[in-house]
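Visitor: no FASTA, just this:
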């Protein structure tokens, strides 16, 4: 079938199944061609993404395929949403080379019923197209897994009609008994739950034996509401939806599509539901067959497998650099303890930065339980207005996450050969006890000797600064994989030795800038190609000492750069900038907005970015050390952040970092 041809929808086995397709890439077209070659029953009405003529064939097709491209995914999601509004229950299958779980979840949120990836074979694709085409016609039964059951139900209906017409009561009873026996034999041997709902909203007498276990008792003959023991308002929603179907106010295909397909019982079992309506001779819905499968164990096993993989990755990354992990543990315990000492309005802002930094650094080591707990706390805080209540939540969070880290260390300490009470000081080249003894000796000797001893102690505490960023690399790899990007990390000057006790918190806070570069800065390969760049983006961290008194840290990427318009648009929404002054704002002013509390250009909050806390964390650490920050950005060229902090100093007398921030934009 070519573009513009008339499209006819026929039932299975009676003619051509009309399929609409919005595709243009070789991958999607190749899959579709293989399906059509193997299944001549498919007729294709085809459009490209740029041609809106799909609106001419959409009303007539039984099923739609939409290719979701990598760069134009949001536009393609829009096509799916338009189709869903035009035909609320037409089956839509997305086709994409991107098989990332997060991407596929967005496809389903947009309104697709299913998706084909590069791993989908033509046989599977054809099978799914056949199945979904059956769902598209309002007068067609939804296929259930046991065809014999549906046949039996029809036989029972025919037996009922025969009983009314029959003159001999004996023949009616025998026919009914035979149908009942056959139905019961089938139902008693099914592993899935099957039951019938009558227009009276009562459950029929023919229920499978599996229903006893799934719903905690015999549901036969009971009113639907309450019989299934579903959690929350799910059962009321289910009852209301089925009542709408029997009222026949809208097409059956529309109302069936609104019914829940996955529910949770009060016993915490997760069931997958399928619906098949049997129509009367006048076309009205007569009965509803519901098939239920218990998928609790399969979902639990899938979750367990994912958790084990994540844990194994975490242990491997820690073993690669135990010294850096021990530094992380020390910083984590210190920051968690600081949460319990928060007070006042400034304490709330400080607490938000600490929580975000704890989450970012925990994610670097795949400590997912801690990450999820912290992410949940951040979400809860957004809904709390009371300052005192926020402080209370933050203070209670400190011991909780410390306990979670302690549990992890105790459980896997033997594998990692790290004690639960390990401290970064124990990982220096000289035992901590010796350093303490030296400090005590220094207090009892002459000033000249004491100064030499203190210098030796300081030297012993010095470590390669690259150790502090070793956990950044696996974080970048995971984020790049999730977002289908190619990102390299370059570390220059990592062998420079610094006092990690002084600079550890600052360097670890840079994880927020790294995650921003991965999420917002570095483009996907296709977008980079269009800009004349290499497929792979680069994030570069460089350590240097322009003089013996200053440590310089430069973080740069070769991505999109910071978008001035987007920054100012968000700033206006947050009330940080008067909309009337936007045109007069200079580079210094608009770039400075990225350090504002709660500021983020992300469209939604995720576990990667969107809280608007990360850059403020870096700013806070620079303030603590009395340093300075400079930010430079250029559209389609990239962004560079340069931090200069004194090698030594009295942090208690440091000045606000706002007076030490410089900006440049192109």
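Guide: Done, it's in. What you are looking at is a predicted structure, and each value in this text was computed from that prediction instead of being measured.
Visitor: and the closest residue to residue 27 other than its chain neighbours, what does it touch?
Guide: Using C-beta to C-beta, 6 or more residues apart in numbering and skipping residues adjacent in sequence, the residue nearest residue 27 is residue 97, 5.4 Å away. Bear in mind the C-beta positions are built from the backbone N, C-alpha and C, glycine included. Contact analysis of residue 97 by C-beta atoms under 8 Å, 6 or more residues apart in numbering lists 25, 27, 70, 117, 118.
Visitor: Could you look up the SS state of residue 97?
Guide: Here residue 97 is recorded as coil under DSSP: H, G, I helix; E, B strand; the rest coil.
Visitor: okay, it: pLDDT?
Guide: We have a pLDDT of 87 for residue 97.
Visitor: From residue 242, how far out is it?
Guide: 39 Å (C-beta to C-beta, to the nearest Å).
Visitor: which one of the contacts of residue 97 sits closest to residue 324?
Guide: Nearest to residue 324 among those, counting by C-beta to C-beta, is residue 70 at 34.6 Å.
Visitor: Local confidence estimate at the closest one?
Guide: Residue 70 carries a pLDDT value of 85.
Visitor: what's the neighbour count on it?
Guide: When neighbours are defined as other C-beta atoms under 10 Å, residue 70 has 16 of them.
Visitor: now the one 5 residues further on
Guide: Burial measure for residue 75: 12 neighbouring residues, criterion other C-beta under 10 Å.
Visitor: going forward can the numbers begin at 43, since that is how I track them
Guide: Yep, numbering from 43; the last one is residue 117 now.
Visitor: and it, what does it touch?
Guide: So residue 117 contacts residue 91 (C-beta under 8 Å, 6+ apart).
Visitor: Quick one: classify it as helix, strand or coil.
Guide: Residue 117 - assigned by three-state DSSP - is helix.
Visitor: What spatial separation is found between it and residue 123?
Guide: Separation of residue 117 from residue 123 (C-beta to C-beta) stands at 11 Å.
Visitor: which ones are touching the residue lying closest to residue 276 once chain neighbours are set aside?
Guide: Nearest residue to residue 276, sequence neighbours excluded (C-beta to C-beta, 6+ apart): residue 305, at 5.0 Å. Contacts for residue 305 (C-beta under 8 Å, 6+ apart) come out as 270, 272, 273, 276, 280, 312, 313, 315.
Visitor: quick one: which of these has the most company?
Guide: Counting neighbours by other C-beta under 10 Å, residue 270 leads these with 26 neighbours.
Visitor: That one contacts residue 259, correct?
Guide: No: Residue 270 is not in contact with residue 259 according to C-beta atoms under 8 Å; the separation is 10.3 Å.
Visitor: so can I have JSON lines of the contacts of residue 305 showing pLDDT, secondary structure and distance to residue 553?
Guide: Below are the contacts of residue 305 laid out as JSON lines (pLDDT from 0 to 100; DSSP: H, G, I helix; E, B strand; the rest coil; distance: C-beta to C-beta, whole Å):
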{"residue": "270", "pLDDT": "83", "secondary structure": "coil", "distance to residue 553": "47"}
{"residue": "272", "pLDDT": "82", "secondary structure": "strand", "distance to residue 553": "43"}
{"residue": "273", "pLDDT": "68", "secondary structure": "coil", "distance to residue 553": "38"}
{"residue": "276", "pLDDT": "80", "secondary structure": "helix", "distance to residue 553": "40"}
{"residue": "280", "pLDDT": "85", "secondary structure": "helix", "distance to residue 553": "45"}
{"residue": "312", "pLDDT": "86", "secondary structure": "strand", "distance to residue 553": "35"}
{"residue": "313", "pLDDT": "87", "secondary structure": "strand", "distance to residue 553": "41"}
{"residue": "315", "pLDDT": "87", "secondary structure": "strand", "distance to residue 553": "43"}
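Visitor: Go through those residues and name the one nearest residue 359.
Guide: Taking C-beta to C-beta as the measure, residue 359 sits nearest to residue 312 out of the contacts of residue 305, at 32.4 Å.
Visitor: ok now do the closest one, which residues does it touch?
Guide: 304, 305, 306, 336, 337, 338, 341.
Visitor: For residue 612, give its distance to residue 245.
Guide: Counting by C-beta to C-beta, the gap from residue 612 to residue 245 is 53 Å.
Visitor: Leaving out the residues flanking it, which one is nearest to the most centrally placed residue in the chain?
Guide: Geometric centre of the chain, nearest residue: residue 144, 5.2 Å, by C-alpha atoms, centre = their mean. Spatial nearest neighbour of residue 144, excluding adjacent residues (C-beta to C-beta, 6+ apart): residue 524 at 5.9 Å.
Visitor: Just confirm residue 126 contacts residue 150, I think it does.
Guide: No: counting by C-beta under 8 Å, residue 126 does not reach residue 150; the two are 11.5 Å apart.
Visitor: Which of these two has more residues huddled nearby?
Guide: Comparing residue 126 with residue 150 by other C-beta under 10 Å, the one with more neighbours is residue 126, at 17 against 13.
Visitor: In space, what's closest to that one - neighbours in sequence excluded?
Guide: Closest residue to residue 126 apart from its sequence neighbours, by C-beta to C-beta, 6+ apart: residue 153 at 3.7 Å.
Visitor: Which helix or strand contains the nearest residue to residue 683 once chain neighbours are set aside?
Guide: Nearest non-adjacent residue to residue 683, counting by C-beta to C-beta, 6+ apart: residue 597, 4.8 Å away. Residue 597 belongs to strand 592-599 when assigned by DSSP states H and E.
Visitor: Please pull up the helix or strand immediately following that strand.
Guide: Counting by DSSP H and E, what follows strand 592-599 is helix 606-615.
Visitor: And that following helix, what does it pack against?
Guide: helix 629-634 (3 or more C-beta pairs under 8 Å, 6 or more residues apart in numbering; DSSP states H and E).
Visitor: so is residue 334 in a helix, a strand, or just coil?
Guide: Classified using three-state DSSP, residue 334 is strand.
Visitor: Do I have it right that it meets residue 234?
Guide: Yes: using C-beta under 8 Å, residue 334 makes contact with residue 234 at a distance of 6.4 Å.
Visitor: list the residues that contact both of these two?
Guide: residue 252.
Visitor: ok, those two, which is more surrounded?
Guide: residue 334 (22 against 19).
Visitor: wait, what's in contact with the more buried one?
Guide: Residue 334 makes contacts with 234, 235, 236, 237, 252, 253, 256, 313, 314, 315, 316, as judged by C-beta under 8 Å, 6+ apart.
Visitor: how about 10 Å then?
Guide: Taking C-beta atoms under 10 Å, 6 or more residues apart in numbering, we find residue 334 in contact with 234-237, 250, 252-253, 256-257, 270, 305, 307, 311, 313-316.
Visitor: and if you look at residue 122?
Guide: Counted by C-beta under 10 Å, 6+ apart, residue 122 has contacts 64, 106, 108, 110, 134, 136, 149, 150, 151, 152, 153, 154.
Visitor: between these, which is nearest residue 80?
Guide: Of all the contacts of residue 122, residue 80 sits closest to residue 106, with 19.8 Å by C-beta to C-beta.
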